[in-house]
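**Q** Sequence first, then the predicted structure, then my questions.
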Amino acid sequence: MSKSATLVKQSDSWWLGGEEQCPHCHQLYAYEIEVRCPDCDEPSCPHCVRHHVERGIVCVVCSEGCEDQEETARGG
C-alpha cells in the first residue's frame, strides 16, 4: 500500500463553504447557521451579528443605529 493511499483527506467543517453569502462580510456560510436580525429581518453570518443589551442579537447596520440612539439619549 502506498503512502498516499493511507492519507485521509481532511474536509472543511460543515458550516464553512456553504452557498449563502453574508451581506456584511461576504463570507460564505451554511444556511443552517444563518442569523436573522429581529429589527430588519436581514440575514447575517454568526461572525457579523452584534449583541445589544436591550434588543438582543442584531445585524451590523441596526447595531450602529442602536449606538446612535444611545448617544442621543445620553445627550452626546
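**A** Perfect, I can see it now.

**Q** who touches Val58 in this structure?
**A** By Cβ atoms under 8 Å, 6 or more residues apart in numbering, Val58 lies in contact with 37-39, 49-50, 52, 66. Heads up, the C-betas are built off the backbone N, CA and C, glycines and all.

**Q** any idea how far Ile33 is from it?
**A** 17 Å (Cβ to Cβ, to the nearest Å).

**Q** With Cys59 instead?
**A** 15 Å.

**Q** Tell me if Cys62 really is in a strand.
**A** No. With DSSP: H, G, I helix; E, B strand; the rest coil as the criterion, Cys62 is helix rather than part of a strand.

**Q** Surely it is in contact with Asp41?
**A** No. Between Cys62 and Asp41 there is no contact under Cβ atoms under 8 Å: 10.2 Å.

**Q** Neighbour count: those two, which is higher?
**A** Between Cys62 and Asp41, counted using other Cβ atoms under 10 Å, Cys62 has the larger neighbour count: 20 against 8.

**Q** residue contacts, the more buried one?
**A** Contacts of Cys62 were listed using Cβ under 8 Å, 6+ apart, and they are 37, 39-40, 55.

**Q** Skipping adjacent residues, who's closest to it in space?
**A** Excluding its sequence neighbours, the residue lying closest to Cys62 (Cβ to Cβ, 6 or more residues apart in numbering) is Asp39, at 4.4 Å.
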